[in-house]
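Undergrad: The following block contains a protein sequence and its predicted model.
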Amino acid sequence: MPKISTADQTELHVDDSGGDGRPVVLIHGWPLSAEAWADQVPALTDAGYRVVAYDRRGFGRSDKPAGGFEYDTLAADLKAVLEGLDLTDATLVGFSMGGGEVARYVANHGQERLHSVVFAGAIPPFLLKSDRNPDGPLDEETAGGLRSGLEASRDDFFDEFMTNFFTAGEELKVTEEQRQQAVALCHQSDQAAALGCMGAFGTTDFRQDLPKISVPTLVIHGDSDAIVPFEGSGRRTHEAVAGSELVVVEDAPHGFNTSHADEFNAALLDFLAK
C-alpha cells in the first residue's frame, strides 16, 4: 500500500484498491483507523469503485507526529492524499470526526477534485454547546470528563467509549468480537493525537464551511447515536447544506457502519449511483 507524505513530511498509510472506477475516499472516525471501514470496502469495490482509505496522522499505521491535529492541517492532509494519488471526480465519505475534514477541505481547498461528499454520523456543524452555539450537543462538563478519562486510563476509557459507540438505547448492537476489534484499533492511536483530535472535533466551528458545499451531498446518521446525536449534528448539517439528501437509520448507534452495515452500504451505494 502507498504512503503519502504531507506538507510537514508526515507519512500517511493509505489503502488503495486501485482500478479505473470512480474514487471513493473513506475518512475514519476517532480514535480508529482506516480498518474501521472493513464492512464498506468490499461492497464498494464489488460495485466497481476505486476505494481509498487512509489512517489519519497519529492513528493506525500512519506516522505519529507531535502536532498538526487541528482541522486546517487535517484538511491539508486530505488534500495531500487526493493530489498524491491524483484523484479526481472523487466522493469524500467522512465518518464522525472525518466529517470535519470534509467540511474544512471544501472551505480551504475547493471542490475541483470532487464529485460528491457524504457526512456519516458526522460532527459538523459544531459540537460544543455555548451561548453562541446553544444547539451544540456536547456540553463543557461532558467534554472535560472525556478528556480527563482518556488522560487517566486509556484502557478503561477505550473500553467504555467503544461500548457507548455501538450501543443504541441500552442494547449493544455488535458482537463482543466486533467491539474488541474496535478497542484494539483505538490502542493504535498515539496519546498526543488522541487528545489533540479530541480537542479539535469538540471545539471546531464548521458553520461557515458547510454552506460552501455545492456538490451533491448525503447526510446519513443513526437515530440512536449517543456519541454524536442526530438532532445536534446530522439534522443541522442537512439544513446547512443546500440540496443535501438525508438518510436516518432506525435504532442505529454511532458505529452504524458496522452495526447496520447493510443499511449503511445500501444508502451509500444508492447515493453514489446517482
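TA: Nice, thanks for sending it over. Numbering: from 1, shown residues only.
Undergrad: residue contacts, the nearest residue to Tyr71 once chain neighbours are set aside?
TA: Across the structure, with CB to CB, 6 or more residues apart in numbering as the measure, the residue nearest Tyr71 apart from its sequence neighbours is Arg104 (4.5 Å). Just so you know, the C-beta spots here come from the backbone N, C-alpha and C atoms, and that holds for glycine as well. Contacts here follow CB atoms under 8 Å, 6 or more residues apart in numbering; on that basis Arg104 touches Tyr71, Asp72, Leu74, Ala75, Thr204, Phe206, Asp209.
Undergrad: now swap in Glu112 and tell me
TA: With contacts defined as CB under 8 Å, 6+ apart, Glu112 is in contact with Thr88.
Undergrad: do Ser33 as well
TA: By CB under 8 Å, 6+ apart, the neighbours of Ser33 are Asp55, Arg56, Phe59, Gly60, Arg61, Leu185, Gln188.
Undergrad: Show me where this protein dips below the pLDDT cut-off.
TA: Low-confidence regions of the chain, defined by pLDDT under 70, span residues 1.
Undergrad: For Thr167, give me phi and psi.
TA: According to degrees, to the nearest 10, the main-chain angles of Thr167 amount to phi -110, psi 130.
Undergrad: Without its sequence neighbours, what residue ends up closest to it?
TA: That would be Pro253: by CB to CB, 6+ apart, it lies 5.4 Å from Thr167.
Undergrad: number of nearby residues for the nearest residue to Glu250 once chain neighbours are set aside?
TA: If you skip the residues right next to it in sequence, Glu250 has Asp223 as its closest partner in space, 5.8 Å away by CB to CB, 6+ apart. Applying the criterion other CB atoms under 10 Å, we find 16 residues in the vicinity of Asp223.
Undergrad: Tell me how far the residue nearest to Thr167 lies from Gly21.
TA: Applying CB to CB, to the nearest Å, the value for Pro253 to Gly21 is 30 Å.
Undergrad: picking that back up, which SS class is the residue nearest to Tyr71?
TA: helix (DSSP: H, G, I helix; E, B strand; the rest coil).
Undergrad: Surely Phe126 is in contact with Thr204?
TA: Yes: using CB atoms under 8 Å, Phe126 makes contact with Thr204 at a distance of 7.4 Å.
Undergrad: returning to that earlier point: what sits against the residue nearest to Glu250?
TA: If you count contacts by CB under 8 Å, 6+ apart, then Asp223 has Phe230, Val248, Val249, Glu250, Asp251, Ala252 around it.
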